[in-house]
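In: model this:
(one chain, ligands or ions: 1)
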Amino acid sequence: MHQAKTKHVVGFVGSPRSEGNTDILVDEILAGAKEAGATVEKVMLGDLAVNPCKACYACRPGGKCIQDDDMTDLYEKMQASDVWVIGTPVYWWGPSAQLKAFVDRWFEKAGDKNDQAKTFKGRRIVLALPMGDTDPKTGRHIVGMFIDALAFVGADLFDSVLAPGAYDAGDVRAQTDIMEKARKVGKAAVEIR
Ligand SMILES: Cc1cc2nc3c(=O)[nH]c(=O)nc-3n(C[C@H](O)[C@H](O)[C@H](O)COP(=O)(O)O)c2cc1C
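Out: Purely as a prediction, here's the structure:
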């Protein structure tokens with residue numbers, strides 16, 4: 001009998017706050033994926049060295065990044081997984097600097113057809129976005145950024161979990177509807193459509 005391959009899910013946490021709202025939301029999405037049979041792992045981007053892009057264009061066309069930092073390991077994780085959970089707090093209506101540095105560095109792989117196919121194509125992405133503001137529209141630029149960026153690299157924005165009104169670390173735990181949604185989205189992201 002044909003057995004579906006076990007899916008692997010990586011959570012990228014762009015908040016420097018361990019056990020903050022981003023971390024909690026990413027954990028909950030990963031827990032849903034695990035419940036549905038996937039293997040999961042989590043990366044705290046703030047604990048790693050991911051330098052900002054220097055715009056030297058050495059990676060283009062078809063070249064390599066001049067920087068030697070943790071991005072090499074992160075690419076391996078991106079390539080070895082089926083689903084990415086990308087979490088960032090809303091900072092000034094945009095993503096955190098840690099998350100933005102990570103995404104800017106995708107430039108290296110996005111310019112080369114083979115690298116692009118290996119790194120991004122077929123990946124499902126779930127966004128996790130806590131914010132202090134009670135209006136979920138506060139997250140719209142981050143969602144908009146990912147709609148365009150993921151379309152550009154051929155990855156699939158599967159769903160977004162927005163958590164307005166989450167300001168202090170841990171606030172999101174009390175938002176049971178959002179926590180439930182996070183778990184459900186995690187499950188759904190590893191199920192075959
Ligand atoms: C530098 C900074 C900028 C922020 N800017 C915004 C903002 O523009 N809108 C908003 O709703 N919340 C803003 N916040 C609040 C955070 O989004 C909120 O505290 C969030 O829960 C933090 O996530 P964390 O617990 O994972 O660190 C900001 C917080 C910081 C530290």
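
In: grab the nearest non-local neighbour of Lys42.
Out: Gly11 (4.2 Å; C-beta to C-beta, 6 or more residues apart in numbering). C-beta: built from backbone N, CA, C; applies to glycine.

In: what is the neighbour count of that neighbour?
Out: 27 (other C-beta atoms under 10 Å).

In: list the contacts for it?
Out: 26-27, 29-30, 40-43, 84-85, 87 (C-beta atoms under 8 Å, 6 or more residues apart in numbering).

In: for it, name its beta-bridge partners.
Out: Lys42, Val85 (DSSP bridges).

In: picking that back up, what's the closest of the contacts of Gly11 to the ligand?
Out: For these, the minimum distance to the ligand (C-beta to the nearest ligand atom) is 7.4 Å, reached by Gly87.

In: any idea what the residue nearest to the closest one when sequence neighbours are not counted is bridged to?
Out: In space, and not counting its chain neighbours, Gly87 is closest to Ala128: 3.7 Å by C-beta to C-beta, 6+ apart. Beta bridges link Ala128 to Gly87, Val161 when assigned by DSSP bridges.

In: in contact with Ala128, which residues?
Out: 22, 25-26, 29, 85-88, 160-161, 163, 182.

In: how far away is it from Ala166?
Out: Computed as C-beta to C-beta, to the nearest Å, the Ala128 to Ala166 distance reads 11 Å.

In: looking at the contacts of Ala128, which has the most residues close by?
Out: Most surrounded of the contacts of Ala128: other C-beta under 10 Å gives Leu25, at 34 neighbours.
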